[in-house]
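Q: Sequence first, then the predicted structure:
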Amino acid sequence: MPKTTPIPPKPSFFLTTPIYYVNSVPHLGTAYTTIAADALARYRRLLGDNVFFLTGLDEHGQKVEQAAVEHGIEPQEWCDNLAEKFLGAWELLGITNDDFIRTTEPRHVRAVQTLAKTLYDQGDIYKGLYDGWYCVPDETYWTEEQLEGGKCPQCGRDVELVREENYFFRLSAYQDRLLGYFEENPDFIGPPSRRNEVLSFVRGGLRDLSISRANVKWGIPLPWDASHTVYVWFDALINYVTAVGYGDPDDAGEFARCWPAHIHFVGKDIIRFHCVIWPALLMAAGLDLPQRVFAHGFLLAKGEKMSKSKGNAVAPADLVRQFGADAYRYYFLRDVSFGQDGSISIESMVQRYNGDLANDWGNLCSRLFNMVGKYFDGAVPDPGGDAVDAADGVLAAVARDLPGRYDEAMARLDYGAALESAWDLVKATNRYIEDSAPWNLAKSPETTPRLKTVIYNALEAVRIAALFIAPVMPQTSAEVWRRLGLGDINAVTTLAEESRWGGTRPGSHVEKGDPLFPRIEKDAV
Ligand code: ME8
């Protein structure tokens, strides 16, 4: 549920998404970063971490101002309307952010002004003449040489000429310190391809950065010169420290306890802002750097980057209506390799849904829960006795390997591999049931002990699989646990213990329920 909650005493895991521009409604791209961060937040909570998960909105700047003007309303009112849309989308997708920061909030204005003033007072900000180009859709400065065919080299759109007195941040002075930091902290930027990109960019030489605009009204005024507003990216990056109390005069050491963040999730388009400008600002302010910045790739629809401006953006709600929120989250995290560009299509989504979800996972739960109803009146059988088989050990071994494999994949933010490890258990359980053929065991009282063992083991594997599927598909895992009579999966904070073999309680009631993923006919979407 998107909400603002007090920061936990000391977050042992603090993760962020970019704050999204409110020039338009959320789309699959912005939802992608947000569900990836949410899956990690949920996993860390299962492990027992005290998580602080931050997302929010980037509300200042020319682009947002223009959108408001085009719609004939005041920028603040425009932002308020859009904020509702983002909150609604995140609620629909089951996003469990702990804070929702908006850059027009007083707490943020104060933090930006505090940081700007600190840098100005120590001589890291000076006044100069900006004479160059500006891309409004990307809110980015470009030099003449950087343009491609006179257009923005990033998005290919028109740029505007800006010639005005600005305040500059001495970014160039941080070049060597940044390179030294990258050297000493090889895991700071991920994946490695992005690290190399940032390294060669910084080695190519850094220019000082204009951090104020004289002709943009919709922004935070500089505290020492109110005729300038703060450049929207300088403003936006600071959100990460605002949220944990930077610049708050009542902060009683809270900020120092909570900062730095463990990971910033970003798209590859904004890696330089997060890996060059942001670290340099933090260095200048004498603050610690985040532990890690990880950039994912673009979602491509028919080979093109999906974006609000290109008009090929789809609203998450449209897909959630057809597939459900869990299947939505599963598809994007399973089918697109996190860190690389990935093509998405309705066809592949239907395929994943029917194959992985309806056939593998949904059917496993249905048939197994049915059998508990049919053979044991809905009560989990007691596996006691010596009706064991080598197949039991094989299944238990797959379950035993799962936590380690899953954790190792999540540490690399390889959601596909993490889900694959959970699916190996799902598939192994399906095979186990096929090979053990409970329907034959049920035919004679002599094989009842074996039937009990087989059903118990399969239930146990399903219980464990649901735990590891939960970060990506929280609703269905909660439902599986509920049907197994296990209580609230969201209350689990001791994953290591909970994932040990043997946690299913004999005698507890198993509910059959409706199919978790009713098949979708391709023509129906
Ligand atoms: O850049 N595929 O906001 P934004 C994957 N306000 N991810 C995509 C995507 C696509 N086709 N399109 C967008 C901003 N994204 C700034 C950030 S942070 C201090 C300020 C995702 O609304 C991706 O994460 O343009 C990208 O970085 C983010 O949306 C940019 O959202």
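A: Right, received. Where do you want to start?

Q: Please, which helix or strand holds the residue in the stretch 101-250 of the chain positioned nearest to the ligand?
A: Residue nearest to the ligand within the stretch 101-250 of the chain: Ala236 (3.8 Å; CB to the nearest ligand atom). Every residue, glycine included, has its C-beta placed from N, CA and C. Ala236 belongs to helix 232-237 when elements are defined using DSSP states H and E.

Q: That helix - what's its average pLDDT?
A: Mean pLDDT, helix 232-237: 97.

Q: what's the next secondary structure element after it?
A: Criterion used, DSSP H and E; the element after helix 232-237 is helix 239-242.

Q: Report the buried residues of stretch 446-458.
A: Judged by neighbour count (16 or more other CB atoms under 10 Å), stretch 446-458 contains these buried residues: 447-458.

Q: what's the answer for stretch 484-495, then?
A: 484-486, 489, 492, 495.

Q: Residues touching stretch 380-392, excluding its own?
A: Contacting residues not belonging to stretch 380-392 are listed as 372, 375, 432, 435-436, 447, 449-453, 455-457, 459, 484-485, 504-510 [CB atoms under 8 Å, 6 or more residues apart in numbering].

Q: That one: end-to-end distance?
A: 17 Å (CA to CA, to the nearest Å).

Q: and what of stretch 232-243?
A: Start and end residues of stretch 232-243 are separated by 17 Å (CA to CA).

Q: Up against the ligand, what does the protein have?
A: 18-21, 29-30, 32-33, 58, 236-237, 239, 266-267, 269-270, 298-299, 305-307 (CB under 6 Å from any ligand atom).

Q: So which of the residues you listed sit within helices?
A: Members of the residues of the chain next to the ligand lying in helices (criterion: DSSP state H): 29-30, 32-33, 236-237, 239.

Q: His264 versus the closest residue to Gly156 other than its chain neighbours, what's the distance?
A: Of all residues not flanking Gly156 in the chain, Glu148 sits nearest, at 7.6 Å (CB to CB, 6 or more residues apart in numbering). Going from Glu148 to His264 by CB to CB, to the nearest Å gives 28 Å.

Q: More neighbours: which of these two?
A: Just comparing Glu148 and His264: by other CB atoms under 10 Å the higher neighbour count belongs to His264, 25 against 10.

Q: So the more buried one belongs to a helix, correct?
A: No: going by DSSP: H, G, I helix; E, B strand; the rest coil, the assignment for His264 is strand, not a helix.

Q: what sits against it?
A: By CB under 8 Å, 6+ apart, the residues touching His264 are 15-16, 18, 240, 274, 278, 290, 292-294.

Q: Report the closest residue of the stretch 151-300 of the chain relative to the ligand.
A: Closest point on the stretch 151-300 of the chain to the ligand, by CB to the nearest ligand atom, is Gly267, at 2.5 Å.

Q: Touching, that residue and Thr33? I think so.
A: Yes: here Gly267 lies in contact with Thr33, judged by CB atoms under 8 Å, at a distance of 6.2 Å.

Q: Give me the common contacts of those two.
A: Shared contacts of Gly267 and Thr33, counting by CB under 8 Å, 6+ apart, come down to 18, 296.

Q: for the stretch 301-450 of the chain, what are the low-confidence residue spans?
A: Across the stretch 301-450 of the chain, residues meeting the criterion (pLDDT under 70) sit at 304-313.

Q: and Glu164, that one's in a helix?
A: No: using three-state DSSP, the assignment for Glu164 is strand, not a helix.

Q: my guess is it contacts Ser212, does it?
A: No: using CB under 8 Å, Glu164 is not in contact with Ser212, being 9.4 Å away.

Q: Thr143: neighbour count?
A: Thr143: 10 neighbours (other CB under 10 Å).

Q: do the one 3 residues further on as well
A: When neighbours are counted by other CB under 10 Å, Gln146 registers 14.

Q: Now do the contacts for it.
A: By CB under 8 Å, 6+ apart, Gln146 lies in contact with 133, 153.

Q: can you rerun that using 6 Å?
A: Pro153 (CB atoms under 6 Å, 6 or more residues apart in numbering).

Q: Tell me what the residue lying closest to Ala41 once chain neighbours are set aside is bridged to.
A: Leaving aside its sequence neighbours, Ala41 sits nearest to Phe53 (CB to CB, 6+ apart; 4.1 Å). Beta-bridge partners for Phe53, by DSSP bridges, are Leu15.

Q: What of the one 5 residues further on?
A: For Asp58, the beta-bridge assignment (DSSP bridges) gives partners Tyr21.

Q: ok, it to Arg102 distance?
A: According to CB to CB, Asp58 and Arg102 sit 9 Å apart.

Q: who's more crowded, the two?
A: Comparing Asp58 with Arg102 by other CB under 10 Å, the one with more neighbours is Asp58, at 25 against 19.

Q: Pretty sure the more buried one sits against Pro18.
A: No: using CB atoms under 6 Å as the test, Asp58 is too far from Pro18 to be in contact (7.6 Å).
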